[in-house]
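**Student:** can you look at this prediction? I've put the sequence above it.
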Amino acid sequence: MFKFLENLPARVYLAVTALLAVAPLLVTLGSQPFYLDLLTRILILAIAAVSLNLIIGFGGMISLGHAAFIGIGAYCVGIPAHYDIFNGFIHLGLAISCSAAFALITGAISLRTHGLYFIMITLAFAQMLYFTFVSLDEYGADDGLIIYQRSDFNGLLNLENPTTLYYTVLVTLLGLLYLMHRLVHARFGRVIIGCKHNEKRMQALGFDTYRYKLTCYVISGTICGIAGFFLGNFTNFISPEMMDWTHSGELIFMIVIGGTAGIFGPVVGTAFFLLLEEMLSGLTQYWQLIFGLVLILLVVFGKGGVHGLLVWADTRQTAQAQPENDS
Amino acid sequence: MILKVENLNKSFGGILASRNLDLQVEEHEVHAIVGPNGGGKTTLMAQLSGLSKPDSGKILFKDRNITPLSTHKRVHIGLASSFQITSIIQSMTMLDNILLAVQSLQGHSYKFWAPVSGDAGMRETALNVLENVGLGRQADTVAGKSSHGEQRQLEIAMALALEPDLLLLDEPTSGMSKEESGEMVRLLKKMKGEKTILLIEHDLDAVFALADTTSVLVDGRILATGTAEQIRSNPKVQQAYLGEETA
């Protein structure tokens, strides 16, 4: 039953998960509530990164507009709250349906293109949405809106409590990872992976690749909308800046650092990205220079990201262990 | 008659790659298309498989006009093709490559939960296909790490796994050594009489060893159709194609 623990990446990811599960306790013991905030942020963006990795890492659809879905999810909390509607079921329902609809419409058009054109058109759609919200004075335009009260789930969940919010996000993330695991090993996932490697062949095998990719895109966008729902609640604030294309770029960095080949990679990548940013910005005001340098080195030398590194170390370990067993 | 091509025209810029092309393929025959480079063989294949659409003309498959159908729809009515440039999924194992085809045959793949690896029936079907083409032992080999000859065999196995009524093979022996080529001919010979195969082939030894009927495609149209003997002795063919080869 615990056979999967023989593999190094699985052990590391299980340790990370265990650490995340007890983190609030550690934070309370060390009386450093700030770190709970940082961890919550990591988990929320990890949901977004995992969703983006579904289309990039598994489907080969490189989107530079994924932050749009974070924005949609967040505005689905902020706009109702602006009208004193705080019901969490409405917020979450809106976030899911709006991001799914946006993914369906923009995906249906974007997926007619490939490669560089796909990157550009997803970017264009995201920027369109960005400028739409910049021009909406009713919802604060450029300055955004403050959310005075977090989503209320009829008392089932008190998201105002930082620890509750943290665990809600953590459980969502773990549930999502399990879903991804099932998805990529199921028939649907195999088709998506096949499309990444050779779409023409998949068509010649009888798959309507456009529809499968579109379905995948909608699933990804919807999940990212849920991340946006949490981010809006977490920051108590929404602004168009959330959907700026630089954030889409950061999400790509996160999954590249973590490794696109695995399901858990983006989680590690997100943690690495945000922790490094936090650490460096505390050291010097020129932190972005060092940050950029580290990212470049990681991308150039760390092929396959953290996940790739772990897999590499694992195969080396077994390769070294093998001859000893033989003798 | 399983396939009937009528008056097919296709041009690229000013070049006519198919001009008033007519072709008929009978059921259970191996039909080879030969011809000089630039004669329009690959263009014809692309139109048959649905990768490109003709400018005018009709393609009838089992008495049904399939001209407007896209590639994936043609597969499901029994028309499968393999590529000249090996188009396997390199990072997957041989078995997983075949499983994709088996999965396609079993209806839609909007199944998000049950792992493919847990489906014993599918696995068995896929293993059978691999065994039939002589790749049974390599089932768990990563496709990209096998030899060129084996990759070509897998390429054809993927099309075979779709259980087509008509199998389109674009240069099955492309890039193969003499030995590998002989192996491929043996493999295709095994299917003779059971499957209908339309193949493009450069290797004339392979063609004459395999084909019941051979058509010669020159300048976008069929110059002659007949048995190997008829083709060899046809003066027009000798002049246009075979003549330059033997000269």
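**Tutor:** Ah, there it is. Residues are numbered from 1 along each chain as shown, chains lettered A, B, ... in the order given.
**Student:** okay, CA-based contacts and neighbour counts for the rest of this
**Tutor:** Will do.
**Student:** who are the packing partners of the longest helix belonging to chain A?
**Tutor:** For chain A, the helix reaching the highest residue count under DSSP state H is reported as helix A:209-235. Where contact means 3 or more Cα pairs under 8 Å, 6 or more residues apart in numbering or on different chains; DSSP states H and E, helix A:209-235 is packed against helix A:33-53, helix A:67-82, helix A:88-110, helix A:187-197, helix A:199-204.
**Student:** swap the cut-off to 10 Å and go again
**Tutor:** helix A:33-53, helix A:67-82, helix A:88-110, helix A:162-185, helix A:187-197, helix A:199-204, strand A:237-238 (3 or more Cα pairs under 10 Å, 6 or more residues apart in numbering or on different chains; DSSP states H and E).
**Student:** most packed of the ones you listed?
**Tutor:** helix A:67-82 (a mean of 28; mean count of other Cα atoms under 10 Å in any protein chain shown).
**Student:** quick one, it and helix A:88-110 angle?
**Tutor:** On the basis of axes from the mean of the first three to the mean of the last three Cα atoms, to 10 degrees, helix A:67-82 is oriented at 150 degrees to helix A:88-110.
**Student:** can you tell me the average pLDDT over helix A:67-82?
**Tutor:** Here helix A:67-82 scores 97 as its mean pLDDT.
**Student:** repeat for stretch A:34-44
**Tutor:** Stretch A:34-44 comes out at a mean pLDDT of 95.
**Student:** check stretch A:165-175 too.
**Tutor:** Stretch A:165-175 comes out at a mean pLDDT of 97.
**Student:** what's the answer for stretch A:301-319, then?
**Tutor:** Taken as a whole, stretch A:301-319 has an average pLDDT of 85.
**Student:** swap in stretch B:226-240?
**Tutor:** 86.
**Student:** quote the end-to-end distance of it.
**Tutor:** Criterion Cα to Cα, to the nearest Å; first-to-last residue distance in stretch B:226-240 is 16 Å.
**Student:** got JSON lines for the helices and strands packed on helix A:209-235, with distance to residue B:71 too?
**Tutor:** Listed next are the helices and strands packed on helix A:209-235 as JSON lines, based on distance: least, Cα to Cα, whole Å:
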{"stretch": "helix A:33-53", "distance to residue B:71": "29"}
{"stretch": "helix A:67-82", "distance to residue B:71": "33"}
{"stretch": "helix A:88-110", "distance to residue B:71": "20"}
{"stretch": "helix A:162-185", "distance to residue B:71": "25"}
{"stretch": "helix A:187-197", "distance to residue B:71": "15"}
{"stretch": "helix A:199-204", "distance to residue B:71": "6"}
{"stretch": "strand A:237-238", "distance to residue B:71": "46"}
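**Student:** secondary structure class for the residue in the stretch 201-327 of chain A that chain B sits nearest to?
**Tutor:** Residue nearest to chain B within the stretch 201-327 of chain A (Cα to the nearest Cα): residue A:206, separated by 3.8 Å. When classified by DSSP: H, G, I helix; E, B strand; the rest coil, residue A:206 comes out as coil.
**Student:** hang on, the earlier thing: got the angle for the longest helix of chain A vs helix A:187-197?
**Tutor:** Going by the same axes, to 10 degrees, helix A:209-235 makes 100 degrees with helix A:187-197.
**Student:** list the buried ones in helix A:209-235?
**Tutor:** A:209-210, A:212-234 (16 or more other Cα atoms under 10 Å in any protein chain shown).
**Student:** for chain A, where's the lowest mean pLDDT among helices and strands?
**Tutor:** Every helix and strand in chain A was compared by mean pLDDT, DSSP states H and E; the lowest is helix A:305-326, with a mean of 78.
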